[in-house]
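J.: following is a predicted model, sequence given first.
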Amino acid sequence: MITVFSPDHALHQSPGELIYSEFVPAFEKPERAALILARVKEVGLGEVRGPDVFPAEALTKIHAPGLVNLLMTAHEEWVAMGRTGAAYPYTWAARGMRADRVPKNLDGRLGFYGFDCGTPITATSWRAIKASADVALTGAEMISAGERAVFALCRPPGHHAGSDHFGGYCFLNNAALAAQKLLDDGARRVAILDVDYHHGNGTQQIFYRRNDVLVVNIHADPDEEYPYMLGFSDESGEAAGEGFNLNLPLPWGTQWPEWRAALETSIARVLAFGPDAVVVSLGVDTYKNDPISKFRLESEHFMVIGRMTANLMKPVLFVMEGGYAVAEIGVNAVNVLTGFDDS
Ligand code: FKS
Ligand code: ZN
């Protein structure tokens, strides 16, 4: 399997995030992608190539121009206001406030588009964000050209980013951009299977009213886990999209047998949908030693995930999302890919 990777991912480095009352080192750090790439090479997964560069129009098919523009310019404006460090949002748009009027002030715009305080924008973040999107779009293009499977080693991740919001370490939704690209290249239907520990709220929101993209999520129950405000089992899609969103929330402490059963359910739903291609939002934060997550998967289970995905008998684009147990992140992520390739 070919891996698409850009060294520019390292240009995004969060100075830290607020947890409880402490400012702590960021979990989502450049080392993550470096270690996954090292493992790709160690096992000889296949060729590693750089991304092509896509025009801004590829981004605005999914995202509001105001969001893209903010991500591009926020840090420059931050500095122009005499500030140092990274640009963090710290006022948020809650229900009852205006959703139809974007304020001019930078803090207002960061709060209008941002939904948490763990997703800062640095001077060079945009270059990493754009490279990550280009990695996913390149992977999609390769699938359109006939590849059976491609690994888009995206960083920063994307599945929490919605059409007009960023957060959860995510800025642009790489998986959604890839799915849209597959459709634009001629696929009639695309399924997104999100196996990250956290609910892919952005992906769900983007496609919620559409029936050309099926979105299936296996994740920690939003009653107990981030992102809390979306991902419940009664969210099945809206309007034309009714029936094309499936959420399979699982409780804290979930182990492999229950997780695997949810994957079987997901695979049956994807097969019934009959997609021309599948995008897997690949998070390995379901691992038992993950520092911010509470599922109990073991390294060998990631291989089974790859094998079960291969059994779909569809072209698959793997898009990297989360995973914070850095010592094991390479083995866990690449186990999915070798599990796929060996089937
Ligand atoms: C932990 C606080 C929660 C935010 C967690 C974001 C998870 C991101 C992710 C992605 F795939 F996007 F990277 N902080 N105590 O893993 O879903
Ligand atoms: Zn996650």
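T.: It's in. Ligands and ions are numbered 1, 2, ... in the order given.
J.: every contact and neighbour count from this point should use C-alpha atoms.
T.: Noted.
J.: which pLDDT does the model give residue 188?
T.: For residue 188, the pLDDT comes out at 98.
J.: any idea how far ligand 1 is from it?
T.: Here the distance between residue 188 and ligand 1 works out to 27 Å (CA to the nearest ligand atom, to the nearest Å).
J.: close enough to count as contact, that residue and residue 212?
T.: Yes: taking contacts as CA atoms under 8 Å, residue 188 lies within contact range of residue 212: 6.8 Å.
J.: show me the helices in the stretch 151-300 of the chain, by range?
T.: Taking DSSP state H, counting those that start in this stretch, the helices of the stretch 151-300 of the chain run over residues 174-184, 201-207, 256-273, 299-310.
J.: out of these, which comes closest to residue 89?
T.: Residue 89 lies closest to helix 201-207 among the helices of the stretch 151-300 of the chain, at 17.9 Å (CA to CA).
J.: which residues touch that closest one?
T.: 62, 158-163, 165, 173, 175-176, 213-215, 227, 230-231, 241, 245 (CA atoms under 8 Å, 6 or more residues apart in numbering).
J.: interface residues of the stretch 101-250 of the chain facing ligand 2?
T.: Residues of the stretch 101-250 of the chain lying close to ligand 2 by CA under 5 Å from the ion are 196-198.
J.: how about the stretch 201-343 of the chain: which residue is closest to ligand 1?
T.: residue 322 (3.4 Å; CA to the nearest ligand atom).
J.: which residues touch that residue?
T.: By CA under 8 Å, 6+ apart, residue 322 lies in contact with 28, 157, 196-197, 282-285.
J.: three-state assignment of it?
T.: Using DSSP: H, G, I helix; E, B strand; the rest coil, the structure places residue 322 in coil.
J.: check whether the helix or strand that contains residue 127 comes near ligand 1.
T.: Assigning secondary structure by DSSP states H and E places residue 127 in helix 125-144. No: residues of helix 125-144 are not located near ligand 1 by CA under 6 Å from any ligand atom, the shortest gap being 12.5 Å.
J.: what is the end-to-end distance of stretch 93-108?
T.: Using CA to CA, to the nearest Å, one end of stretch 93-108 lies 9 Å from the other.
J.: now do the strands in this protein.
T.: 2-4, 17-19, 22-24, 48-49, 149-152, 190-194, 213-220, 245-250, 277-282, 316-320 (DSSP state E).
J.: the spatially closest residue to residue 222 that is not a sequence neighbour: neighbour count?
T.: Leaving aside its chain neighbours, residue 222 sits nearest to residue 228 (4.2 Å; criterion: CA to CA, 6 or more residues apart in numbering). Around residue 228 sit 15 other residues, with neighbours defined as other CA atoms under 10 Å.
J.: could you do residue 271 as well?
T.: Residue 271: 13 surrounding residues under other CA under 10 Å.
J.: burial count for the residue in the stretch 51-200 of the chain that ligand 2 sits nearest to?
T.: With CA to the ion as the measure, residue 198 is the residue of the stretch 51-200 of the chain nearest to ligand 2, at 4.3 Å. Neighbours of residue 198 under the rule other CA under 10 Å: 28.
J.: from memory residue 289 sits against residue 325, does it?
T.: Yes: with contact defined as CA under 8 Å, residue 289 counts as touching residue 325 (6.2 Å).
J.: tell me which parts of this protein are close to ligand 1?
T.: Residues of the chain lying near ligand 1 (CA under 6 Å from any ligand atom): 157-160, 168-170, 198, 226, 283, 292, 321-323.
J.: those, buried ones only, as a ChimeraX selection?
T.: In ChimeraX syntax, the buried subset of these is picked out as below (16 or more other CA atoms under 10 Å):
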select :157,158,159,160,168,169,170,198,226,283,321,322,323
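J.: Serialize the residues of the chain next to ligand 1 to TSV and add fields for distance to residue 266.
T.: Converted to TSV, those look like this (distance: CA to CA, whole Å):
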residue	distance to residue 266
157	22
158	21
159	18
160	20
168	24
169	25
170	24
198	16
226	21
283	16
292	24
321	18
322	19
323	21
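J.: ok, the residues of the chain next to ligand 1 vs residue 104, which is closest?
T.: Using CA to CA, residue 170 is the member of the residues of the chain next to ligand 1 that lies nearest residue 104, at 22.9 Å.
J.: the closest one: what's it in contact with?
T.: Going by CA under 8 Å, 6+ apart, residue 170 touches 119, 156-161.
J.: now, the most widely separated pair of those?
T.: 119 and 159, at 13.1 Å, using CA to CA across the contacts of residue 170.
J.: follow-up on the earlier one: now tabulate the helices of the stretch 151-300 of the chain in JSON lines and tack on mean pLDDT.
T.: Below are these laid out as JSON lines (pLDDT from 0 to 100):
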{"stretch": "helix 174-184", "mean pLDDT": "99"}
{"stretch": "helix 201-207", "mean pLDDT": "99"}
{"stretch": "helix 256-273", "mean pLDDT": "98"}
{"stretch": "helix 299-310", "mean pLDDT": "98"}
